[in-house]
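# Below are the sequence and a predicted model; questions follow.
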Amino acid sequence: MSTFTPPPTPTYAEATPRVRVAKAITDVLAPGHLVIGLLLLIGWHSTGNPVGVGWGLFAAFFCGVIPLVIIRLGVRRGKLTDKHVRVRKQRIVPLTATLVSVVTGIVLLDVLGAPREVFALVIAMLAGLASALVVTVWWQISVHNAVAGGTVMILLLAYGPVLLPAVVLVLAIGWSRRVLKAHTLPQLICGTALGAVAATVFAVLS
């Protein structure tokens, strides 16, 4: 079992310019934000009109909004150290709660007849989330990079090589997490790989 514990992130006032940039990248490109954005883009791709975006929003409620609320409540109640949950043992409960929320979303999407691509994407998210949860029990894999890796892979599968520059997002997030000492390099690489592999579920089902 991993004994890695990331140090506290310096406050904005204490941080160097480099750390401030890293904090901004980590915050803006947080997993929940990427999940919501990806669902909207795939929602549009699934129908080519606002109806698909509506389905994306519906799925985003269960896959992105509820998880963000769970973490915010955990921080407010003192159960979690911060919104990025840097302590590995604290991640188990919010990840499990998120898993339940995603499964609920999948059931509703199936019953209501969501577009195939949106449904396939949420199944892929479930696969990635479940895998990350299992690994997290023993090791602090990077959820930031797992979501980033999966996001970029799915965008490439859906929209093609025109979105190849999005790979920069994965590199930027990985850089920010290293600067903040939130993860080791192997944790970042494995997180990215896990997300990319989970994204293949989308390719199979869509």
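Cool, the structure landed. Residues are numbered from 1 along each chain as shown.
# From here on, just use CA atoms for contacts and neighbour counts.
Fine.
# Now residue 177. Nearest residue, chain neighbours left out?
When the adjacent residues along the chain are set aside, residue 177 lies closest to residue 183, with 6.2 Å between them (CA to CA, 6 or more residues apart in numbering).
# quick one, what contacts residue 94?
Contact criterion CA atoms under 8 Å, 6 or more residues apart in numbering gives 67, 70, 71 as the residues in contact with residue 94.
# ok, the second one to residue 89 distance?
With distances taken as CA to CA, to the nearest Å, residue 70 is found 16 Å from residue 89.
# Identify the residues contacting stretch 58-70?
In this structure, residues lying in contact with stretch 58-70 by CA under 8 Å, 6+ apart are 32-33, 35-36, 39-40, 94, 97-98, 101-102, 104-105, 109, 118, 122.
# quick one on the thing from earlier: quick check: the residue nearest to residue 177 touching residue 140?
Yes. Counting by CA atoms under 8 Å, residue 183 sits close enough to residue 140 to count as a contact (7.4 Å).
# Between the two, tell me which one has more neighbours.
Of the pair residue 183 and residue 140, residue 140 is the one with more neighbours under other CA atoms under 10 Å, namely 28 against 22.
# That one in helix, strand or coil?
State at residue 140, reduced to three classes by DSSP: H, G, I helix; E, B strand; the rest coil: coil.
# my read: it touches residue 88, true?
Yes. Using CA under 8 Å, residue 140 and residue 88 qualify as a contacting pair, with a distance of 5.7 Å.
# Can you point out the buried residues in the longest helix along the chain?
Among the elements of type helix in the chain, defined by DSSP state H, the one spanning the most residues is helix 88-112. The neighbour-count check on helix 88-112 (16 or more other CA atoms under 10 Å) flags 88, 91-95, 98-103, 105-106, 109 as buried.
# go on, stretch 109-128?
When neighbours are counted by 16+ other CA under 10 Å, the buried residues of stretch 109-128 are found to be 109, 114-128.
# what separates that stretch from the chain centre, distance-wise?
When distances are taken as CA atoms, centre = their mean, to the nearest Å, stretch 109-128 is centred 16 Å away from the chain's centroid.
# so how far is residue 166 from the residue lying closest to residue 206 once chain neighbours are set aside?
Leaving out its chain neighbours, the residue that sits closest to residue 206 by CA to CA, 6+ apart is residue 117, at 4.9 Å. According to CA to CA, residue 117 and residue 166 sit 20 Å apart.
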